[in-house]
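**Q** sequence unknown, structure follows:
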């Protein structure tokens, strides 16, 4: 049960609350479920891999494990920018593999009242598109909640022959 106040939802004991790792891309805030995030890297050396799709930045060596790094800006169709001091790589697991997601910067971990998550608008979901878990509004800020699995499952990793 949730009662809306003027500034934020009031959490009752019977409300389900989930935690989300929040980050920015192009001044928009997004979230990934904390259970999908393994760690956040502030220092990384991405090695390009020839023949990969532009959304694949390359690979990193994470304590002996090769991790493919995706440019989340490209994956979401946003304008691409250069990596800078605030850029981070969020490491997520998908099946038996690790993947990295390059983001502009990580904000924090937030508690979200599950009952207050609104459905994301339908935007003509095509094959390979990113799925959204929903939108969460709090303190006049709209947090877009992403489905981590769809970021990997729908990604293109190699350039098609003749492209």
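**A** Received the coordinates, thanks. Keep in mind it's a predicted model, so treat the numbers as computed, not measured.
**Q** Stretch 27-38: which residues count as buried?
**A** When burial is assessed from 16 or more other Cβ atoms under 10 Å, stretch 27-38 yields the following buried residues: 29-33, 36-37. Where you see a C-beta, it was placed from the backbone N, CA and C, and this is true even at glycine.
**Q** Just flag the most distant two among these.
**A** Of all pairs drawn from those, the widest gap by Cβ to Cβ lies between 29 and 36 and measures 16.9 Å.
**Q** returning to that earlier point: of the buried residues of stretch 27-38, which is the nearest to residue 59?
**A** Each of these was scored against residue 59 by Cβ to Cβ, and residue 37 proved nearest at 19.0 Å.
**Q** and the closest one, what does it touch?
**A** The neighbourhood of residue 37, defined by Cβ atoms under 8 Å, 6 or more residues apart in numbering, consists of 21, 90-92, 148.
**Q** now, among these, which is nearest to residue 136?
**A** Using Cβ to Cβ, residue 21 is the member of the contacts of residue 37 that lies nearest residue 136, at 13.4 Å.
**Q** Wait, the closest one touches residue 92, no?
**A** No. Using Cβ atoms under 8 Å, residue 21 and residue 92 do not qualify as a contacting pair, with a distance of 9.5 Å.
**Q** and for those two, which residues touch both?
**A** Taking Cβ under 8 Å, 6+ apart as the contact rule, residue 21 and residue 92 both touch 32, 37.
**Q** model confidence over the top helix by length along the chain, on average?
**A** Secondary structure of the chain read by DSSP state H shows that its longest helix is helix 148-153. Helix 148-153 shows a mean pLDDT of 91.
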